[in-house]
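[1] With the sequence up front, the predicted model follows.
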Amino acid sequence: MSPPSLPRPVDRLSGGTPSHRSDAFHLPAVPAAVGTARRNVRALLQRWGSGRGTSDNAVLVTSGLVTEAVVRTGSERIACRVRTDGRRLRIEVADENRGASVPVPLGAGPDDQGGRGPAPVCALSGARGVRDAPHGAGRVIWAGLAPAPGEP
C-alpha cells in the first residue's frame, strides 16, 4: 500500500506546468497610468515566476497598449488584464473608446520620445488585435506573447 499523496498547489497542473492564471486592474486614463500599469504587470509576473526577459517584454507591450488607450481613446478609465494558459501570455487593455481612432503604426526617429504608436507591441507580440468590449462598452486592444528565448 502506498502512502497518501500530498496535496498539489492549485496553480500547477501535473508535471509542474502552470495552469491558467489571470489578473486585472483598473486605472484612470491619465499619463501616470502608464507607469502604474508597468509596475503592476512586472509585480504580477514576478509573483507568477516569469523570467526576466518575458517580464521585460510584457512590460514594454503593456506600456504601448496603455499609452494608446490613454492618448487616443478619450476614456476616463481603462482596465488591464493579464492572463496565461501556461504557454503564452496575453495582455489586454480595455478602454471606453470615446475617441474615433484605431491604433496605427506611426513614424518616429531613434531619438524621439514618442510617436511610435503600437510599433513596440507589433515587434514583440506574435498575435495582436482590437475587438469590441463586451456589452458594447468600448474596445479591447490585446497582444499575445511567447516566453522569451530560454525561459519556460
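    Looks like it came in fine.

[2] To which secondary structure element is Gly64 assigned?
    According to DSSP states H and E, Gly64 maps onto helix 52-72.

[3] Show the subsequent helix or strand relative to that helix.
    With elements assigned by DSSP H and E, the helix or strand that comes after helix 52-72 is strand 77-84.

[4] Starting from that following strand, tell me which strands it pairs with and how they run.
    strand 21-28 (antiparallel), strand 89-95 (antiparallel) (DSSP bridges).

[5] can you pull the buried residues of stretch 59-72?
    59-70, 72 (16 or more other Cβ atoms under 10 Å). For every residue, glycine as well, the C-beta is placed using N, CA and C.

[6] what do you get for stretch 20-31?
    Quick answer for stretch 20-31 (16+ other Cβ under 10 Å): 21, 23, 27, 29.

[7] How about stretch 31-51?
    Within stretch 31-51, judged by 16+ other Cβ under 10 Å, the buried ones are 33-34, 37-38, 40-42, 44-45, 48, 50.

[8] where does the protein dip in pLDDT?
    For the chain, applying pLDDT under 70 flags the ranges 1-19, 99-126, 152.

[9] if we go to 90?
    Under the criterion pLDDT under 90, the flagged ranges of the chain are 1-20, 49-51, 53-54, 57, 60-61, 63-65, 67-75, 85-88, 96-139, 141-152.

[10] on that earlier part again, reformat the buried residues of stretch 20-31 as CSV; add distance to Val140.
    Formatted as CSV, the buried residues of stretch 20-31 follow (distance: Cβ to Cβ, whole Å):
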residue, distance to Val140
Arg21, 19
Asp23, 16
Leu27, 15
Ala29, 14
